[in-house]
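Trainee: One predicted model, sequence on top.
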Amino acid sequence: MEIGYVFLSLEPGTKRKFITKIREVKGVSDARLVIGTFDAVARIEGETIEELEKIYLNEIDKLAGITNSRLHIVACPRSRK
């Protein structure tokens, strides 16, 4: 199982609607609004890194309201436990 985190900046006024939509995406195991550099963080899970990339590029990145997004893949298996 591969895990990634997507950090998202969102258009003003879209945060609540966006978080509802991203939680519906297959592969998203959790999504939260946050305070800081980014507006939201989503945890995604897949069998391979390629699957994480597909979830990010084909599903998440196409959602309305995103101004900036970044996918970070968990690199060390020991930190996944």
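Mentor: Here it is on my side, so go on.

Trainee: for the lengthiest helix in the chain, packing partners?
Mentor: As assigned by DSSP state H, the longest helix anywhere in the chain is helix 15-22. Helices and strands touching helix 15-22, by 3 or more CB pairs under 8 Å, 6 or more residues apart in numbering; DSSP states H and E, are strand 28-33, strand 40-46. Yep, even glycine has a C-beta here, placed from its N, CA and C like the rest.

Trainee: Let me know which of the ones you listed is the nearest to residue 75.
Mentor: Evaluated over these, closeness to residue 75 peaks at strand 40-46, with 14.9 Å, by CB to CB.

Trainee: which helices and strands sit right next to that closest one?
Mentor: strand 2-10, helix 15-22, strand 28-33, helix 49-54.

Trainee: which of the helices and strands packed on helix 15-22 is buried the deepest?
Mentor: strand 40-46 (a mean of 19; mean count of other CB atoms under 10 Å).

Trainee: Most tightly packed of the helices and strands packed on strand 40-46?
Mentor: strand 2-10 (a mean of 19).

Trainee: low pLDDT regions in this protein?
Mentor: The model of the chain has pLDDT under 70 over residues 77-81.

Trainee: just to revisit the earlier point, a markdown table for the helices and strands packed on helix 15-22, including distance to residue 8?
Mentor: Listed next are the helices and strands packed on helix 15-22 as a markdown table, based on distance: least, CB to CB, whole Å:
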| stretch | distance to residue 8 |
| --- | --- |
| strand 28-33 | 9 |
| strand 40-46 | 4 |
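
Trainee: and residue 6, which of the ones you listed is closest to it?
Mentor: strand 40-46 (4.5 Å).

Trainee: Please name the strands paired to that closest one in the sheet, noting orientation.
Mentor: According to DSSP bridges, strand 40-46 forms sheet pairs with strand 2-10 (antiparallel), strand 28-33 (antiparallel).

Trainee: Now do it: distance to the chain's middle.
Mentor: Offset of strand 40-46 from its chain centre (CA atoms, centre = their mean, to the nearest Å): 4 Å.

Trainee: So residue 72 is in contact with residue 4, correct?
Mentor: Yes. Contact criterion CB atoms under 8 Å: residue 72 and residue 4 qualify, at 6.3 Å.
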